[in-house]
Structures are given as C-alpha cells and as structure tokens.
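In: Turn this into a model:
(one chain, ligands or ions: 2)
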Amino acid sequence: MLISQFFPSLLSLNINACQVIAEAVRTTLGPRGMDKLMVDGRGKATISNDGATILKLLDVVHPAAKTLVDIARSQDAEVGDGTTSVTLLAAEFLKQLKPYVEEGLHPQTIIRAFRSATHLAVKKIREISVTVKKDDKKEQRELLVKCAATAMNSKLIAGQKEFFSEMVVEAVMMLDELLPLKMIGIKKVQGGALEESHLVAGVAFKKTFSYAGFEMQPKRYDQPKIALLNVELELKAEKDNAEVRVKSVEACGGSIQTSVGSMTDDVLGRCEIFEEVQVGGERYNFFKGCPRSHTCTIILRGGAEQFMEETERSLHDAIMIVRRAIKNDSIVAGGGAIEMELSKYLRDYSRTIPGKQQLLIGAYAKALEIIPRQLCDNAGFDATNILNKLRAKHAQGGMWYGVDVNNEDIADNYLACVWEPSIVRINALTAASEAACLILSVDETIKNPRSSVEGPPGGGRGRGRGRPHAH
Ligand code: ADP
Ligand code: MG
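Out: Ligands and ions are numbered 1, 2, ... in the order given. Okay, the predicted model is just below:
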C-alpha cells in the first residue's frame, strides 16, 4: 500500500471533518443566529450561542477537527469574541482550497499563499480601522456601550442590550488601569426579572453563615473595619468562606487572621459601607467602596438556570469586548463589512500577481465572504442578491457596507454603529488561516495504540481515533 496514494484523500478527509465542525456552529452566527440546546451524557442541558461553548461540549475526537475547536477556544481566551467567526473562516478556507489540494498542488505552495494573504489582510485592517480618541471620556464611553451592544446583538439577551451594555461598561470602568477580569464578579440569583439585575460597586457574596439573634443586628455599617478570620464560626461552606476571604483581602486590605487574639488596626480591612441585603430568596453581604482595589459584582437575576448561564456567558463576552476596546480603541465595522472590504482588496491584489498564487489568493478572498453570506442565510435573506450588492458597493468605495439584518438590505455599518474591535477580527483571521495551514501540513495521522480509544479494528487510521478524550 502506497502512502502517497492516500495522501490527497486523507487531506480531503481532514478537510471534510472540519466542514462538519463548521456545520455545528454555522447557524449561530450573527444577530439572527439560532441558539443550540445541548444535552450531555449526564442529561445536563446547556443553551448557547457561543461557538467555543458549543464546540467544547461536542467532545470532538477527530484530530484535524479538534484544531478548529482549539482555535475557537483560544480566540475565546485571547479576545473573548469571534469564536463562531474563526471556526467558520477556517473551515471555509479549507473548503476553497480543497480543489487545489485534490489537483495535487503542493501544500507548501498553498500555505505560502495563505500566509501572505493573511499578512496583507491584517495590514489592511490596521490601515483602515478607526481610532477613537481616549481623551474625550464621554465619546469613549459611548463607543464602549456600542461595542458591548454589538457583542450582545446575537445573544439571548439582545432584547435587554441597552440595559446590559450600560451595566457592562459601568462595571469595566470601575476597575483600575490593568482591567483585571477577575475583579468583576458575576453572581446568579435565580428568580426575578432580568431587568432586576444590578451592579454592586464592591464585593458581594452570599451570606455564608448566620448565628442566633443575627436578625437583631444592624444591617448596615458605615466605614466598618473588617476582620478576616480563618476560624471556624460554623461548620459549613468552607470553600465559599475561603473565596470570600480572598476576594475581600484583595479589595479591602487587611490580612487573614487565624485567631482573634491580636486584632490590631493594621490587620483590619476597610470599606465605605457594609450592607446585608435580601436578593430574591438569598441573603447577600455587600462590601461597597473598597479602597485597595477596584472591584465590582454583577448580580444577575432571571428565570431558568440555563438561561442565566447563557446570560453570564454573554456578559462575559461583552466585558471582554469592552476591555479590548479600552486597551485598543481601534474598531472596524461588522456585519460582514470588514470581510467584504478585505475580500475586495485581496481580489484586486491577486490580479497583479501571476500563476497559482493568483488563484490561491483569489480563493482566500472568496472564503472571506462566508461571514456576510452566513449572516444573510441565518436571517433568511437571499444571500446571493445581498452579496452582489455588497460587492458592487465596495467596488465603488463604500468600504463599511455590510449586511443590514433589519431590512434585508445592505447598510453602512459604521454609521449604523455595528462596530467591533479590530483586534477581534485580526485575531480571527490569523488564527483561522494558521489552523488551515496546520491542517494542510499534516499528511498522515499515526495512531498510538497505547492511548487508543477502542474503535472498530482497522478503522482507526486517519479517522482520529488515536487521541484519548480530553476532559
Ligand atoms: P462570534 O462568535 O463570531 O462573535 P456572533 O454570533 O457574535 O459570532 O456574530 C458575530 C457577527 O455578527 C459579526 O460578524 C458581527 O459583525 C455580526 N453582527 C453583530 N451585530 C450585527 C448587526 N446588528 N447587524 C449585522 N451584523 C451584526
Ligand atoms: Mg460575538
């Protein structure tokens, strides 16, 4: 058996496996995207619209397909948004390349063309992105609210995006310059309406213990001193207590004491106001106005548990976006606008170079159109018609024209405030192209018998049975 006989077809198999992954998240893209309800082996249900979350739950074992899961995950970790886009782009790059692979074009030739196309595209994004002045606080705040709202457009909470985008921006603004993500706590308290969610300027946590007669005690103290005790007041919730102590030390100062013997002033923490408040069915402790580090807590209210979990993920996305926008203050128009502009640019560029490179860069340019195309498909629009309009508009210099999801038309998405931080798009393009190149450079999957998961005999080769499940 000649390996070389298998070589093109194995690559094609890998490419096909990636298409399957893209299929799983395709319909979730954009403001008209659908959510997925996933049920795991134990019967736990999760509703999500987030590419990374969906792929994580899919338990993908095919090695090539797993690459796409990995890039979605790293996109989530690095920029917190664009996880569906990055997966779709990578799969589409591969799809557009497949004919060349099957024709027998050397993968290294393809990889070279793709790397140079990505390089050009990223340079172009940097060139045309719009920078917003930081010195104008009001303008900056407006920009941030818009970015947060765009991130929420495609989520379950889109109906409350005004409410939540203000809250998210408020929360991020409370942090210090380094914008540490962990200083924004999100606590879910089931029950109540979504709009009853609110932001607490400080540390908030569920009251972890009570004692006889506690109802007689005052429920509010101004300028309290806080003792952080690592002593057992009550035998329960030690894990919760530990978390509370750590967060409070960071925010309020002081140091953790293991006895009540030496309560000197320097070991005590401080804050402006301590309050005990009823939130739904729970009793909460609030430490507001913490001097040491800027921290805040979002108290989420709402109905079903899955719904609140998805809300939390959506807020997390939006928080990441706002942090990015503060750090990078550079934006592009979304709704496929940036992808159409890059596509046009690369197509024009490809016409200036000869041979196969021209075709390959043309394929890259075509692949970029998957974003506006999928946005149309998900909204039930005639994608071919809209894409024709978009191509024409971009050829005439309308560089921020993208899909108008409200009117089955195209619109200047910069003016429509459909904005995204440039870094999200740069990261997505780079990661998608690198993933495609990685998959292209693999011509054989070798099975390690010791780590193999039992599969049908002989059916393992190149089918990704070689990897143990990663949990
Ligand atoms: P991702 O996981 O890639 O962020 P989303 O489901 O959040 O996927 O969809 C993001 C895409 O939807 C981006 O291309 C973004 O520009 C687009 N989008 C968001 N809001 C709008 C809108 N109001 N009109 C058109 N496109 C939008
Ligand atoms: Mg998004």
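
In: tell me which element F287 falls in.
Out: strand 282-288 (DSSP states H and E).

In: Give me the neighbour count for whichever residue of the stretch 301-450 of the chain sits closest to ligand 1.
Out: Closest residue of the stretch 301-450 of the chain to ligand 1, Cβ to the nearest ligand atom: G334 (2.2 Å). (C-beta placed from N, C-alpha, C; glycine too.) Neighbourhood size, G334 [other Cβ atoms under 10 Å]: 32.

In: Outside of the strand holding F287 itself, list whatever touches it.
Out: Outside of strand 282-288, the residues within contact range by Cβ atoms under 8 Å, 6 or more residues apart in numbering are 187, 189, 200-207, 210, 226, 248, 251-252, 271-278, 299.

In: for that strand, what is the average pLDDT?
Out: The pLDDT scores in strand 282-288 average 87.

In: Pull up the pairing partners for that strand, direction included.
Out: strand 202-206 (antiparallel), strand 273-279 (antiparallel) (DSSP bridges).

In: which stretch in the ones you listed is the model least sure about?
Out: Among those, strand 202-206 scores lowest, at a mean of 84.

In: Now that strand: buried residues?
Out: Counting neighbours by 16 or more other Cβ atoms under 10 Å, one finds that the buried residues in strand 202-206 are G202, V203, A204, F205.

In: hang on, the earlier thing: mind checking how far the residue of the stretch 301-450 of the chain closest to ligand 1 is from R42?
Out: Here the criterion is Cβ to Cβ, to the nearest Å. By it, G334 lies 37 Å from R42.

In: what's the answer for N16, then?
Out: Distance of N16 to R42, given as Cβ to Cβ: 30 Å.

In: quick one: which of the two has more around it?
Out: Comparing N16 with R42 by other Cβ under 10 Å, the one with more neighbours is N16, at 15 against 5.

In: For the host helix or strand of that one, name the packing helices and strands.
Out: If you go by DSSP H and E, N16 is part of helix 3-26. Identification of packing neighbours for helix 3-26 by 3 or more Cβ pairs under 8 Å, 6 or more residues apart in numbering; DSSP states H and E yields helix 51-58, helix 63-78, helix 83-103, helix 370-379, helix 422-440.

In: Could you report the neighbour count for the closest residue to K393 other than its chain neighbours?
Out: Spatially, and ignoring its direct neighbours in sequence, K393 is nearest to Y401 (4.3 Å; Cβ to Cβ, 6 or more residues apart in numbering). Y401 has 27 neighbouring residues, counting by other Cβ under 10 Å.

In: List the contacts of Y401.
Out: Applying Cβ under 8 Å, 6+ apart, the residues near Y401 are A337, M340, L390, K393, H394, I410, A411, D412, N413.

In: returning to what we had before: send me the helix holding N16 as CSV with only the CA atoms.
Out: In CSV, the C-alpha atoms belonging to helix 3-26 read as follows (Å, rounded to 0.1, in the frame of the first residue of the first chain):
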residue,chain,number,x,y,z
ILE,A,3,1.1,6.1,1.5
SER,A,4,1.2,8.6,-1.4
GLN,A,5,-1.9,7.1,-2.8
PHE,A,6,-3.6,8.1,0.4
PHE,A,7,-2.0,11.4,0.7
PRO,A,8,-4.5,13.6,-1.2
SER,A,9,-7.6,11.7,0.0
LEU,A,10,-6.5,11.8,3.7
LEU,A,11,-6.1,15.5,3.4
SER,A,12,-9.6,15.7,1.9
LEU,A,13,-10.9,13.6,4.7
ASN,A,14,-9.4,16.0,7.2
ILE,A,15,-10.9,18.9,5.3
ASN,A,16,-14.3,17.2,5.4
ALA,A,17,-14.1,16.7,9.1
CYS,A,18,-13.6,20.4,9.5
GLN,A,19,-16.7,21.1,7.5
VAL,A,20,-18.7,19.1,10.0
ILE,A,21,-17.5,21.2,12.8
ALA,A,22,-18.4,24.4,10.9
GLU,A,23,-21.9,23.0,10.3
ALA,A,24,-22.4,22.6,14.1
VAL,A,25,-21.9,26.4,14.7
ARG,A,26,-22.9,27.9,11.3
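
In: Now do whatever helix or strand L315 lives in, average pLDDT.
Out: L315 is part of helix 305-328 when elements are defined by DSSP H and E. For helix 305-328, mean pLDDT is 87.
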